[in-house]
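Q: How does the following fold in three dimensions:
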Amino acid sequence: MPSEVFNQGGKFAFPDDDRTTPDTQIAVLKYPNAVLQWETNRRPLDGQHDNGTQFIAADGTAVTAWRGGWSIVGPDGKELDKPADPEDMDGLNAHIRQFLECVETRDQPRSNIASMAKTTIVCHLINASFLAGAPVRWNADSHDIEGEAGKDTLSYRRDYRSPWTLPSYG
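A: Reported below is the predicted structural model:
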């Protein structure tokens with residue numbers, strides 16, 4: 001988990017639409033031994049695809065994934081061969097098959113609740129930093145935001161209509 005997250009951005013590409021999230025943003029996540037930059041914008045990822053995700057390694061190798069495909073490009077800009085999928089499974093069907101196997105064997109699925117919770121928390125920390133306009137610090141021991149930055153945002157807490165409440169722990 002990151003120890004600190006900072007996100008800056010805004011609605012620049014489509015300023016007049018009714019979305020509440022920014023369409024352009026850069027988030028910097030500080031981890032114990034690394035820094036990750038996450039970016040959302042309107043430029044094509046690889047000159048070809050206008051949506052998707054790109055992961056760039058320290059050596060410059062880039063993995064780009066979009067709806068319908070993915071590619072690997074080396075530091076020299078040349079496309080690399082993709083590793084063969086030993087199970088010959090594709091996307092959603094692979095997840096469903098593996099989940100059903102885990103129901104039978106009682107093994108942990110690849111997409112288990114603990115890993116998905118971490119992914120979701122990171123997304124909420126990025127949004128909390130954007131909404132707070134300040135860096136947000138994460139305490140891995142208490143599983144909570146440290147300090148006040150980010151705690152007064154919709155990513156952290158919501159007001160509920162009476163008589164509904166959400167219990168508070170800690």
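Q: Restrict the helix or strand containing residue 101 to CA atoms and write it as CSV.
A: Assigned by DSSP states H and E, residue 101 falls within helix 91-105. Provided in CSV are the C-alpha atoms of helix 91-105 (Å, rounded to 0.1, in the frame of the first residue of the first chain):
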residue,chain,number,x,y,z
GLY,A,91,-10.2,-12.5,-19.9
LEU,A,92,-13.6,-12.8,-18.3
ASN,A,93,-14.0,-16.6,-19.0
ALA,A,94,-10.7,-17.2,-17.3
HIS,A,95,-11.8,-15.4,-14.2
ILE,A,96,-15.1,-17.2,-14.1
ARG,A,97,-13.5,-20.6,-14.6
GLN,A,98,-10.8,-20.0,-12.0
PHE,A,99,-13.4,-18.7,-9.5
LEU,A,100,-15.6,-21.8,-10.0
GLU,A,101,-12.6,-24.1,-9.6
CYS,A,102,-11.9,-22.3,-6.3
VAL,A,103,-15.4,-22.8,-5.1
GLU,A,104,-14.8,-26.5,-5.6
THR,A,105,-11.2,-26.7,-4.2
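Q: Now do the same for that helix: mean pLDDT, whole number.
A: Here helix 91-105 scores 86 as its mean pLDDT.
Q: list the buried ones in it?
A: Buried residues in helix 91-105, defined by neighbour count with 16 or more other CB atoms under 10 Å: none. Just so you know, the C-beta spots here come from the backbone N, C-alpha and C atoms, and that holds for glycine as well.
Q: That helix: what's the following helix or strand?
A: helix 113-132.
Q: Within the sheet, what are the partner strands of the following helix or strand past that following helix, with directions?
A: Tracing the chain C-terminally past helix 113-132 and defining elements by DSSP H and E, one meets strand 136-139 next. If you go by DSSP bridges, strand 136-139 pairs up with strand 4-10 (antiparallel), strand 144-146 (antiparallel).
Q: Including distance to residue 29, could those strands go into a markdown table?
A: Shown next, in a markdown table, are the strands paired with strand 136-139 (distance: least, CB to CB, whole Å):
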| stretch | distance to residue 29 |
| --- | --- |
| strand 4-10 | 5 |
| strand 144-146 | 14 |
